[in-house]
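Engineer: Got a predicted structure here, sequence first:
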Amino acid sequence: MCGIVGYIGNEQAKDILIKGLQKLEYRGYDSAGIALVGNSGIELYKEKGRIASLEDAINKDASGTTGIGHTRWATHGAPSKENAHPHQSVSERYTLVHNGVIENYQQLKKEYLHDVTLASETDTEVIVQLVEAFSQKGESTEEAFRHTLSLLHGSYAIALIDNADNDTIYVGKNKSPLLVGLGDGVNVVASDAMAMLHITKEFIEIMDEEIVVVTKDNVQVKTLDGKSVTRHSFTTDIDESDTEKGTYNHFMLKEVDEQPFVMRNIVQKYQNDDGDIKLDGDIRSAINDADRLYIIAAGTSYHAGLVGKEMMEKVAKKPVEVHIASEFLYNQPLLSEKPLFIFISQSGETADCRGVLVNVKKNGYKSLTITNVPGSTLSREADFTLHTYAGPEIAVASTKAYTAQMAVFSILAMDSARAQGIDTDFDAIQELSLIANAMETLCDQKDVMEQIARDYLFETRSCFFIGRGMDYHVVMEGSLKLKEISYIQAEGFAGGELKHGTIALIEDGTPVVAVTTQKHVNLNIRGNVQEVVARGANACIISTETTKQDGDQIVLPDIHELMTPLLSVIPLQLIAYYAALHRGCDVDKPRNLAKSVTVE
Ligand code: F6R
């Protein structure tokens, strides 16, 4: 969701900010803006739509060596130039960008700003007007900023500049991500490290309810009541080239192709020199001491959780529940006596998950985050973190992060089984190596997937996906991939459930993609395929060497049944990609979506 960048140094800030915003495009946005402050005062540019439109609108001579920028994903008020950030105070002294949601903005407006006419519909504008109101009462900018933040309820990451002092950026944070990057005679601000890798790899984290006063030579971290805080920096290991498309037209395709490498990387990271699993002993104990695991996640990560449950229950004999984070948050089920909460989140920032984690901590339960971003909020706040080592995922549609999450679960399941002395033939490490090779073979068959997309999906309004057991979990993911990037109405169903209502939607030519990778339900799902074909459906079947029948469109190599989603999802990802591509959709940045969902 919204992205923030800031720059203060000796160079012109304009191009640096635009490059930073481009690196944040993947988070999802519908308008963008920058503000520059230099010797000739403040210059403000904002536009609805893509960053390219913003670039066109910026005066070629725009100058300023201090600046802030923002990509907005609309929450309060429609996507428009007026609602785009940065927002300014009435006198135009203060200019600010914000990511998050201020829950009490209307109350604050009533209490402190009754004589101010707001220029936008946003909650953000109230923040900048408050800073000005307090500064007019004699507070310094820093005091007015801290005073304002202390009144806010909700989530925020904020960067503020002052037209009367072009040497300082004020930043503050609560629940929304924000980092300060450190350079030599230059400092930067960014929602994530990727946005500023062209300037620095050294960053400091800002904790909730802290501010940072940033000048080009200094950064000062403080609490909201003004006490100085010492904070050490860290160096990110993300390479700038990891965030580039290289020879690919889309990040999504690049990331699908990276999955074999990710599998091998996970094997390497989770294996010691003796070939045994390398896992923090405290994590092992937390899993084995728990009487029930509660997996909390959203979207694709939730789908990975469903597969993780099967692995943990079938291999490690651990009872597991999987919950949608936003549901669990307001409708908590009865808990067992000794639960362990496992949060799965690619970004590590999903607000719904964080809401649950806050309650989990309040109640004194242990928590583990499985994430692709180790320094993220969920990672920092949980007791333990496991890294998925997928490398930066830039396309909004999650692909390699999903398979990486399931791969890490397979390792956890095997480790837990061994630690408990359970006799199992499940060897996650060996399976992941086989899967890496099989993924490569599938990724080489792009022409087959493209043809399937052409034959089944180019014209259709809707598409159904069916499967049973492990295949049911993966078809839910396949349908999510298709709908989010191609806008085709797609649903994933348990094969046996279709005839209890949904089959009424099958018409002549309706595409139905069936995945059948498990021998014990192969004939059942094929029966379900017959039911829809008899009503006119156009069926596309993905099977394995063991379950195949003549006429199946894709046959996968045999792997352990519990691991099949890691493989069967590859054709589903590619089919969704080609369907979206040929329907003219913006594959990497689908409409209305955000990569990092930082509001509830
Ligand atoms: C779909 C997708 C989303 C995310 C969901 C949770 O391709 O990416 O459904 O899986 O928004 O995000 P994370 O995993 O960052 O918590």
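Structural biologist: Done, it's in.
Engineer: near the ligand, which residues of the stretch 201-350 of the chain show up?
Structural biologist: Within the stretch 201-350 of the chain, the positions near the ligand by Cβ under 6 Å from any ligand atom are 298-301, 345-347, 350. (Each C-beta comes from the backbone N, C-alpha and C, glycine too.)
Engineer: OK, now which residue of the protein is nearest to the ligand?
Structural biologist: As assessed by Cβ to the nearest ligand atom, the ligand sits closest to Gly299 within the chain, at 1.9 Å.
Engineer: Give me the nearest residue to that residue, chain neighbours excluded.
Structural biologist: Spatial nearest neighbour of Gly299, chain neighbours left out: Leu480 (6.8 Å); criterion: Cβ to Cβ, 6 or more residues apart in numbering.
Engineer: The one you found contacts Gly492, correct?
Structural biologist: Yes - using Cβ atoms under 8 Å, Leu480 is in contact with Gly492, at 7.4 Å.
Engineer: between those two, who's got more neighbours?
Structural biologist: Gly492 (26 against 23; other Cβ atoms under 10 Å).
Engineer: still on that earlier bit, taking the residues of the stretch 201-350 of the chain next to the ligand one by one, which sit in helices?
Structural biologist: For these, the ones inside helices are 299-301, with DSSP state H as the criterion.
Engineer: now those residues as a markdown table including distance to Thr371?
Structural biologist: A markdown table is the format used below for those (distance: Cβ to Cβ, whole Å):
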| residue | distance to Thr371 |
| --- | --- |
| Gly299 | 14 |
| Thr300 | 13 |
| Ser301 | 9 |
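Engineer: what sits against Thr353?
Structural biologist: Quick fix: residue 353 reads Cys, not Thr. 296-298, 325, 343, 345, 378 (Cβ atoms under 8 Å, 6 or more residues apart in numbering).
Engineer: at 6 Å what do you get?
Structural biologist: 296, 325, 343, 345, 378 (Cβ atoms under 6 Å, 6 or more residues apart in numbering).
Engineer: Make TSV from these and add neighbour count and distance to Gly77 to it.
Structural biologist: Output for the contacts of Cys353, formatted as TSV (neighbours: other Cβ atoms under 10 Å; distance: Cβ to Cβ, whole Å):
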residue	neighbour count	distance to Gly77
Ile296	31	31
Ala325	27	26
Phe343	29	31
Ser345	32	28
Leu378	25	28
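Engineer: Show me how the chain divides into domains.
Structural biologist: 3-239, 245-444, 445-585 (automatic domain parsing).
Engineer: Turn those into CSV, including mean pLDDT.
Structural biologist: Shown next, in CSV, are the domains of the chain (pLDDT from 0 to 100):
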stretch, mean pLDDT
domain 3-239, 94
domain 245-444, 96
domain 445-585, 97
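Engineer: follow-up on the earlier one: of the ones in helices among the residues of the stretch 201-350 of the chain next to the ligand, which is the most crowded?
Structural biologist: Result: Ser301 is most packed of those (other Cβ under 10 Å), 26 neighbours.
Engineer: Do I have it right that that one meets Phe343?
Structural biologist: No - Ser301 lies out of contact with Phe343 (Cβ atoms under 6 Å); the separation is 8.6 Å.
Engineer: Give me the distance between the residue nearest to Gly299 and Lys589.
Structural biologist: 17 Å (Cβ to Cβ, to the nearest Å).
Engineer: And Ile283, by the same measure?
Structural biologist: Distance from Ile283 to Lys589, by Cβ to Cβ: 35 Å.
Engineer: Next: Pro392.
Structural biologist: 15 Å.
Engineer: Same question for the helix or strand encompassing Ser150: list its buried residues.
Structural biologist: If you go by DSSP states H and E, Ser150 is part of helix 141-151. By neighbour count on 16 or more other Cβ atoms under 10 Å, the buried set for helix 141-151 is 141-142, 144-149, 151.
Engineer: repeat for stretch 64-81
Structural biologist: With burial defined by 16+ other Cβ under 10 Å, the residues of stretch 64-81 counted as buried are 64-77, 80.
Engineer: same question, stretch 304-317
Structural biologist: For stretch 304-317, the neighbour count (16+ other Cβ under 10 Å) marks 304-312, 314-316 as buried.
Engineer: Next, format these as a markdown table and append secondary structure.
Structural biologist: A markdown table is the format used below for the buried residues of stretch 304-317 (DSSP: H, G, I helix; E, B strand; the rest coil):
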| residue | secondary structure |
| --- | --- |
| Ala304 | helix |
| Gly305 | helix |
| Leu306 | helix |
| Val307 | helix |
| Gly308 | helix |
| Lys309 | helix |
| Glu310 | helix |
| Met311 | helix |
| Met312 | helix |
| Lys314 | helix |
| Val315 | helix |
| Ala316 | helix |
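Engineer: Quickly list what the residue nearest to Lys483 when sequence neighbours are not counted is bridged to.
Structural biologist: Of all residues not flanking Lys483 in the chain, Ala490 sits nearest, at 4.3 Å (Cβ to Cβ, 6+ apart). Assessed by DSSP bridges, Ala490 has beta-bridge partners Cys463.
Engineer: Pull the contacting residues for Ala490.
Structural biologist: Contacts of Ala490 (Cβ under 6 Å, 6+ apart): 463, 479, 482-483.
Engineer: Ser398 reaches Thr300, doesn't it?
Structural biologist: Yes - when contacts are counted by Cβ under 6 Å, Ser398 is listed as touching Thr300 (4.2 Å).
Engineer: between these two, what contacts are shared?
Structural biologist: By Cβ under 6 Å, 6+ apart, Ser398 and Thr300 have no common neighbours.
Engineer: Does anything pack onto the helix or strand Leu96 falls within? Which helices or strands?
Structural biologist: Under the criterion of DSSP H and E, Leu96 resides in strand 94-99. If you count contacts as 3 or more Cβ pairs under 6 Å, 6 or more residues apart in numbering; DSSP states H and E, strand 94-99 packs onto helix 124-136, strand 156-162.
Engineer: Would you mark the buried spots in the very next helix or strand once past it?
Structural biologist: Next helix or strand after strand 94-99 toward the C-terminus (DSSP H and E): helix 105-112. Neighbour-count burial for helix 105-112 flags 105, 108-109, 112 (criterion: 16+ other Cβ under 10 Å).
Engineer: Over to stretch 261-276?
Structural biologist: Here stretch 261-276 shows 261-267, 270-271 as buried, counting by 16+ other Cβ under 10 Å.
Engineer: before we move on, what about stretch 582-600?
Structural biologist: Residues of stretch 582-600 classed as buried: 583, 585, 587-590, 593-599 (neighbour count, 16+ other Cβ under 10 Å).
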